[in-house]
Structure formats: C-alpha cells, structure tokens
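Undergrad: structure for this input, please:
(one chain, ligands or ions: 1)
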Amino acid sequence: MTNPPVITRFAPSPTGHLHIGGARTALFCWAFARRHGGHFVLRIEDTDAARSSDESARGIMEDLVWLGIEWDEGPEFTTPDGRKIGGDPRGVGPFFQARRVDLYNSHLERLVRAGLAYPAFEGSEELEARRKAVFAAKGTYRYERPADVTPGVFNEARWARALAGETHVVRLVSPMTAVVVDDQVLGEKTFPADHVDDFVIRKADGLPTYHFAVVVDDETMGITHVLRAQEHFNNTPRHIVLQRALGFRTPVYGHMPLIFNMDGTKMGKRDKAKAARAAAKTLLQKSPDLNAELLAAGIGQEPAVVEQFLAAENDSMEVAAAIAAKLGIALPEVEVSDFRANGYLPGAIDNFVSLLGWNPGMKAADGKDLEKFDTAFLAGHFDMARIGRTNAKFDRAKLLSFDGDAIAAMSDEEFARAWRAWCSEYEPALPAGLDGPRWTLLARAVKPRAKTMRDGVKAAGFAMLTDAGVTYDPAAVEKNLRAKDGEGLGLLREFHGALQQARDWEPQALNAMVEAFAKERGVGMGAIAQPIRVALAGTGVSPPLGETMGVLGRESTLARISRCLAVHAA
Ligand code: GLU
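TA: Below is the predicted model:
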C-alpha cells in the first residue's frame, strides 16, 4: 500500500486512564487525518516498564472507541458492536513500543558506530551529586560530555564495555547548535545551542527513552503530522536533533494549548485529590472528635499516607477515592472514564473537547458562533490554523449544558435505549426490575429532568425501592401529610379508594384522574399530588405522577399508598 498523504498518530503512554486532554489530542489527530483523506495511527508508548500496563492500554482503547475515535492502523481491537478495527495495512507495526526494541537498537547502534552516540557509565548517584553542585552554584545543569568522546568518531572502548555487560545508558552526541522549531500553532521558536545536551536515548534497562522511541517510530511509521500537547514543545528540539542524526525527516508539528480549570489552575488528576482534601479538612475542622488517624481507620487507609495526603505531600488517588466514598461526595471528573461513569454522552464530550483551543470560525443560524457540531462536521472542517495559542478553559457548566442539550435532542426511544445500556453498566439495580414497557415509561418521565444519564438515576430513585423499602423524609411527611390536621393523609386515603377503581392504568389517564380528584374536592393539584409522591417515593420529588404510577404498576402503587397510610395513621 502506498502512503496516504497525511498520517497522524495518537501515542498515549498506558500508565493510567485516558485523560480528557489526551482525548482532545486523539480527536484532533483523527479529524486532521479524516479531513485530508489520510490515516490515523494509534501507538502505545509502553517503554516505561514499571508504570505501563496492558490493562491501561485496553482502557484507553475502550475510551477512544466509546468516543467514536477509531484508528485506521494500530492494535487490533473488537468494538462493542463486534467490528474489528486497527491492523497494519502498511506493515509498519507492531504498535506497542515494547515490541519494537530490536528496531530501536538497530538505529541506536548505527548512531554509536557513526560516533553520534555513546555509552555512558556514570551511576545515578554520581550524576545527582554533579547536578546538586551545579544547582548550589545557581547554574543550569547540563551533562558534560566525557573527554574521551569525540563527535563523529566511534568510541570502540566504550562500546566494548557496554557489550561486556557493564551497566550503562546510551547518550546522543548533541551538535550543540541552535534549533528552530516551526510550529503550526505556536509559530517559529529558536532554542539556544545549549537547550539540547547529550541526553539519554537508551536507559540502563535497555529500553529506549521516550525521545528516541518517538523519533524512530514517527519516521518508520511515516507520520507526517504530529499534533500533541504543549507539554512536549520543549522536547521538540531534542526530536529534531535526533532526526538529523538519524537521517530522518522532520514531521510537521503542532502543539496544542494547555487545559486549565476555570480558577486558572492546570486541569489534571490532582484536582480530584484537591477536592477530597478540602472536603476531609472541612470535616476535621467541624468534628473535634475526629483526627487524621481516625479518618484513616474509617476509610481503611494507612494513617501516615492519610496524614501526608492532608498535608498535600501526596496526591494518592486511592485516598482521594476512599474519602469521596466515605463522605458521599463526587470528585471532579478528569478522565474520560469519569465522564463516562457519570453518564455523559460521547457526542457531547467530543463536541465540548473540540472547542478546547479550536473553533470552526463559523456562525450558526442564530448569528452566534457555531459551537454545536458532531464529529462528522469536525472531520470536514478541522484545520491546524484555527488552533489557538492561549490556554483553553474547561468550563464544566458548559459541558453539562451541552450534555443536557444532547439528551434533549434524543428521541424518547433513543434515550430509553442509551440509558438502559448505560445503567446496565453503571447502575444495574435500576433496570433489573423493570420490564420493557415500564422502562420506556420511566425513561420518558426522567428524560426532561436529566442533564446526564446519572441525573436520570436520581430522578428514578423511587423505581429502585421495594414497596416496603420506601423511607419517608420527615420534613416531607410533616408538610404534605400531617399539616393542617392531617389534611394530606385524609386526601390520600380517599384517593386510594378512588384509585382502586381505576380501569385504565396508563399515565395520561392516571394524571387526568389526579386532576379530576383535586377538582372534585376543591383543592389545588399540589394538595393531593404531594401526598401521593410522599407515599410512592418517600419525598415530595418524583417525575409526573401518571408516569410514576405507570412505572410502579397498579399493585405497587396501591401497596405503597396503603403502607404509607398505615405507617402515618397515628
Ligand atoms: N507518550 C507521550 C505522552 O503520552 C506522547 C508524546 C507524543 O505525542 O509525542 O505524553
């Protein structure tokens, strides 16, 4: 197969979940390839053996597929709907760096023999001591090339020591010249001659460093355009220097703006730790009997780790999650799996993420900036020229409103299907007890109240209770049943009698019945609707009554009202 005109790649390190920033990188790379009739490659950068895992690689792929970002080349993957994606049509794989070590070594040896790289034998302690000495003198540390290394001359003695098994790393002979990076987003920047020193290209464990692997892979996979996060901009001169040493091409680079929270801090996993820490500290302040040690015991974590966590000396995700679970608080979503578990729709995430540092520069029908679009639109319109240089703001309220709009735009049937699929993964107790027609009814009732799938679950809480398991909110009981000498209870008792005669157990008819009942008794709708809600859901909040009774069915509805009357009869 000949090379497509444009080949982009997303190259995640499988050291955790897919971050929302990674999703943006992947989406833009995908869209750019689509726009130009090119290929989008997925490459797994797993050379950090200690931190990488197959499980994370798999999770990242699942999240990408969930977002609809499918790769043309890369690890083979079967989508949930049974399609096989990925593969190696051009024969440039494998796509896991850990399986490409021979290739890296052959290029590395080429450099060593040309006198452009050399083994170095200093131990990490020695280097650390040198670094500290330079810092103490307020200097900028640069690795100093050993006196016996001459650029362009193969250092056979060092290579022989390396081959004999002596612990070593391999370093590049840096040309020590200024490097100009012509970035599609950030413009042209000249890095000074000392920006790139003799950096490590192969680690002591025999695996290439990120810099080396990325350069070899981008070349051998024919990558034409590298779009990645701005964190990597300062690495680019190293990559260019390596490409020149290896005789490789330099792809087109575009570095995307950082993603910030609305409060101006950088968005990241740490936000979860911050939120959990703040909640735990408030609790400790409010509860004189509680201390860090007791808290640690309560959440099943090591006291020392919890103390450090509270002092912001670590950001343990485990501690953060344990605190959140204990206190019943939600931590901010940062990774794609967080948004997924909280019931966001992939289309809304794609749309929102597309606007983090990019916009189509078009007007919508209402004259405002066009902001709502799908991935097909993005694939037709994405360009690098419109990627901004300024930091992108992650506006959660906007994302929530995008998601709510996306739910509102679904048909009742679509929502019922999507919500059932989501629930079966994240809230299996909800759909378990409901047959098809009742599920459809429930979905229709909660849809107008749901900005996310999880919101829908909150609104559907009544459907998850057993008839004998309804717990009554005391304030709601007081207000809706007992007030005014138990007016609510009286009306509820009468309504129970009327309801037993109901012939047509269907939302519209049931709603009409409640209305007619209120009219006949000369009371407002709320006077009877609220007591019914308390009886059915335990609180004064539930979807419209007709739907609520429809979902519960005749038997449960009547049983719940009887029980409520009995419990509060005194
Ligand atoms: N593996 C790198 C990361 O996850 C990707 C760097 C690149 O795109 O060059 O940050």
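Undergrad: what's stretch 43-60 in contact with?
TA: Defining contact as C-beta atoms under 8 Å, 6 or more residues apart in numbering, one finds that stretch 43-60 is touched by 9-18, 22, 74-75, 95-98, 205, 207-210, 213-214, 217, 221, 337. Every residue, glycine included, has its C-beta placed from N, CA and C.
Undergrad: just the buried members of these?
TA: For those, burial is judged from neighbour counts taken by 16 or more other C-beta atoms under 10 Å, and it is met by 9-14, 16-18, 22, 74-75, 95-98, 207-210, 213-214, 217, 221, 337.
Undergrad: would you tell me which helix is longest in this structure?
TA: The helix spanning the most residues in the chain, taking DSSP state H as the definition, is helix 545-567.
Undergrad: output the contacting helices and strands for that one.
TA: Helices and strands touching helix 545-567, as assessed by 3 or more C-beta pairs under 8 Å, 6 or more residues apart in numbering; DSSP states H and E, comprise helix 436-446, helix 461-464, helix 483-500, helix 507-521, helix 525-537.
Undergrad: give me the contact list for that helix.
TA: Counting by C-beta under 8 Å, 6+ apart, helix 545-567 makes contact with 434, 438, 441-442, 444-445, 462-463, 467-468, 470, 472, 481, 489, 492-493, 495-496, 499-500, 502, 505-512, 514, 529, 532-537, 542, all of which sit outside it.
Undergrad: follow-up on the earlier one: from the contacts of stretch 43-60, which ones fall inside strands?
TA: In strands, judged by DSSP state E, the following of the contacts of stretch 43-60 are found: 9-10, 74-75.
Undergrad: so which of those residues is the closest to Ala321?
TA: Of all those, Ala321 sits closest to Phe10, with 27.2 Å by C-beta to C-beta.
Undergrad: ok, the closest one - contacts?
TA: Under the criterion of C-beta under 8 Å, 6+ apart, the contact list for Phe10 reads 22, 25-26, 29-30, 40-43, 64, 69, 71.
Undergrad: returning to what we had before: please identify which of the helices and strands packed on helix 545-567 is closest to the ligand.
TA: Evaluated with C-beta to the nearest ligand atom, the helices and strands packed on helix 545-567 place helix 436-446 nearest to the ligand, the distance being 38.4 Å.
Undergrad: which parts of that closest one are buried?
TA: Applying a neighbour-count criterion of 16+ other C-beta under 10 Å, one finds 438-446 buried in helix 436-446.
Undergrad: run the angle between that helix and helix 545-567 for me.
TA: Interaxial angle, helix 436-446 versus helix 545-567 (axes from the mean of the first three to the mean of the last three C-alpha atoms, to 10 degrees): 100 degrees.
Undergrad: send me helix 436-446 as CSV with only the CA atoms.
TA: As requested, C-alpha coordinates have been extracted for helix 436-446 and formatted as CSV (Å, rounded to 0.1, in the frame of the first residue of the first chain):
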residue,chain,number,x,y,z
GLY,A,436,-39.6,-3.2,28.6
PRO,A,437,-42.8,-1.1,28.6
ARG,A,438,-42.2,0.2,32.2
TRP,A,439,-38.6,1.1,31.3
THR,A,440,-39.8,3.1,28.3
LEU,A,441,-42.2,4.9,30.5
LEU,A,442,-39.6,5.6,33.2
ALA,A,443,-37.1,6.9,30.6
ARG,A,444,-39.7,9.2,29.1
ALA,A,445,-40.5,10.6,32.5
VAL,A,446,-36.9,11.3,33.6
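Undergrad: does anything pack onto the next helix or strand along the chain from that helix? Which helices or strands?
TA: Reading on from helix 436-446 to the C-terminus, the next helix or strand found by DSSP states H and E is helix 453-459. Secondary structure elements in contact with helix 453-459, counted by 3+ C-beta pairs under 8 Å, 6+ apart, are helix 412-426, helix 436-446.
Undergrad: can you rerun that using 7 Å?
TA: For helix 453-459, the helices and strands in contact under the criterion 3 or more C-beta pairs under 7 Å, 6 or more residues apart in numbering; DSSP states H and E are helix 412-426.
Undergrad: tell me what angle the helix it packs on forms with helix 436-446.
TA: Helix 412-426 and helix 436-446 are oriented at 100 degrees to each other (the same axes, to 10 degrees).
Undergrad: quick one: mean pLDDT for helix 412-426?
TA: Rounded to a whole number, the mean pLDDT of helix 412-426 is 95.
Undergrad: now do it: distance to the chain's middle.
TA: On the basis of C-alpha atoms, centre = their mean, to the nearest Å, the separation between the geometric centre of helix 412-426 and that of its chain is 20 Å.
Undergrad: now do the phi/psi pair for Asn261.
TA: In terms of degrees, to the nearest 10, the main-chain angles of Asn261 are phi -70, psi 170.
Undergrad: residues touching it, list them.
TA: By C-beta atoms under 7 Å, 6 or more residues apart in numbering, the contact list for Asn261 reads 267, 271, 394.
Undergrad: rewinding a little: and the buried ones among the contacts of stretch 43-60 near the ligand, which?
TA: Near the ligand, judged by C-beta under 6 Å from any ligand atom, the entries from those are 11-13, 214.
Undergrad: among these, which two are most distant?
TA: Comparing every pair within those by C-beta to C-beta identifies Pro12 and Val214 as the most remote, at 12.1 Å.
Undergrad: just the buried residues of the contacts of helix 545-567.
TA: Neighbour counting with 16+ other C-beta under 10 Å marks 434, 438, 441-442, 444-445, 462-463, 467, 470, 472, 481, 489, 492-493, 495-496, 499, 505, 507, 510-511, 514, 529, 532-537, 542 as buried within the contacts of helix 545-567.
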